[in-house]
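Undergrad: test case, fold it:
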Amino acid sequence: MFYQRSILSLILVLFTTFIISCSTPNVTIAPSTYTSVQLEKIQEYLPQLLAVRDRSEELEELIRNNEWVKVGNFIHGPMAEARLTMNYITPNLLPKEQPAAKKIARELFNDLVEIDQAAMNANSNLAARNYQAAYTDIEGFLRLLPKKDLYLKEAKIGRIQVEETEQ
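TA: Take a look at the predicted model:
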């Protein structure tokens, strides 16, 4: 009797293992469009990034006038904030855009380090070259973001859906 129960238990264990291994796991597929939450997060941080981009001429003038202390302050202030903003935006991008966004944010960091070192050595040519690269990186990052019209439209749609479900 004991022998039969052991065999029966073994058969049940093997059968259960087989059934579990044949089942398909629930695979979550990354969304191919932006959710309203992602768009809101991007919109929240976007003005900070645009403000730094719009101040590009200010940094260029500081480099041209060899105002190295102010260049350092600009690099460690608004430009560092822009890099942080890029890092905050990146997780809210589509999964296919995230590796490129991370790479651009890293390149911006490297450019800022180069500008800072050039400022310490009073090397205006190196600073100017990396200044151009830094703002090219910011523009490249902005190109990865969804078009403004697109996310304004989707954000409105998301708000309408929320309002309708609350009623």
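Undergrad: give me the contact list for stretch 133-143.
TA: With contacts defined as CB atoms under 8 Å, 6 or more residues apart in numbering, stretch 133-143 is touched by 49-50, 52-53, 56, 79, 82, 86, 89, 101, 104-105, 107-108, 111-112, 114-115. In this view, the C-beta of every residue, glycine as well, is placed from N, C-alpha and C.
Undergrad: so which of those residues belong to helices?
TA: 49-50, 52-53, 56, 82, 86, 89, 101, 104-105, 107-108, 111-112, 114-115 (DSSP state H).
Undergrad: which among those residues end up buried?
TA: Among the ones in helices among the contacts of stretch 133-143, those classed as buried by 16 or more other CB atoms under 10 Å are 49, 52, 82, 86, 89, 101, 104-105, 107-108, 111-112, 114-115.
Undergrad: nearest to residue 16 among the residues you listed?
TA: Nearest to residue 16 among these is residue 101, at 44.8 Å by CB to CB.
Undergrad: tell me who's in contact with the closest one.
TA: Counting by CB under 8 Å, 6+ apart, residue 101 has contacts 86, 89, 90, 93, 141, 144.
Undergrad: over to residue 114?
TA: Going by CB under 8 Å, 6+ apart, the list of residues near residue 114 reads 126, 130, 133.
Undergrad: residue 79: neighbour count?
TA: For residue 79, the tally of surrounding residues (other CB atoms under 10 Å) stands at 25.
Undergrad: that one against residue 109, yeah?
TA: No: Residue 79 is beyond contact range of residue 109, at 9.7 Å (criterion: CB atoms under 8 Å).
Undergrad: so where do the helices sit in this protein?
TA: Under DSSP H, the chain gives helices at 2-22, 36-54, 56-64, 68-74, 80-89, 98-120, 124-144, 148-166.
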